[in-house]
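Participant: Sequence plus the predicted model coming up.
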Amino acid sequence: MRFYETLYIVNPNFENEKLEQSQKEIELELSKTNSKVINHHVWSKKRLAYAIEKQKYGIFILLQYSSKDLDKLKDFDTWMKLNKKVLRHITVVLKSEPEIFTDEEQDSNTNGTETNQEQNEESKQNQDELKNSIDMENEEVDNGLTAS
């Protein structure tokens, strides 16, 4: 059994319902190849390097699965090319079985962003304090020079 990863881009204007519908449709087509889906989740909405079908942004979705039959996967690849909902896709072979993605990991990624924002604010405060202390030292030096 081999493990594969397909990253595909869909229209950024899809609402959640349409996005979930397209994911289910792709899973259904993949199930026809006797493949087992391991992970299938929305990665994020990103700006594209160049416009694809007049779209500057795209929603990136990651699909990881296992399969035994390469010939049927070629049919799946052809179906992905013909699917109007998919702007682009790429499939690669993985060397080992991927870890199962959980919602907790997604929450920790979100919390990590908040933590970074807090660290940035703290860093700015430290910089302001350092600037104030340098300004005070410069004033003391200037006062010492003018007193002599």
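Facilitator: Received the coordinates, thanks. Residues are numbered from 1 along each chain as shown.
Participant: Run through the neighbouring helices and strands of the helix or strand hosting L30.
Facilitator: Using DSSP states H and E, L30 maps to helix 16-31. Using 3 or more C-beta pairs under 8 Å, 6 or more residues apart in numbering; DSSP states H and E as the contact criterion, the neighbours of helix 16-31 among helices and strands are strand 2-10, strand 36-52, strand 55-67, helix 70-82. Heads up, the C-betas are built off the backbone N, CA and C, glycines and all.
Participant: pretty sure I9 is touching E53, no?
Facilitator: No - using C-beta atoms under 8 Å as the test, I9 is too far from E53 to be in contact (10.1 Å).
Participant: quick one: which of these two has more around it?
Facilitator: In this comparison of I9 against E53, neighbours counted by other C-beta atoms under 10 Å, the higher total goes to I9 at 21 against 9.
Participant: wait, what's in contact with that one?
Facilitator: Residues in contact with I9 (C-beta atoms under 8 Å, 6 or more residues apart in numbering) are 48, 52, 58-61, 86-89.
Participant: Look up the residues forming beta bridges with the closest residue in space to it that isn't next to it in sequence.
Facilitator: Excluding its sequence neighbours, the residue lying closest to I9 (C-beta to C-beta, 6 or more residues apart in numbering) is G58, at 3.9 Å. The partner list for G58 in beta bridges (DSSP bridges) reads K46.
Participant: Isn't G58 up against L48?
Facilitator: Yes - at 5.4 Å, G58 counts as touching L48 under the criterion of C-beta under 8 Å.
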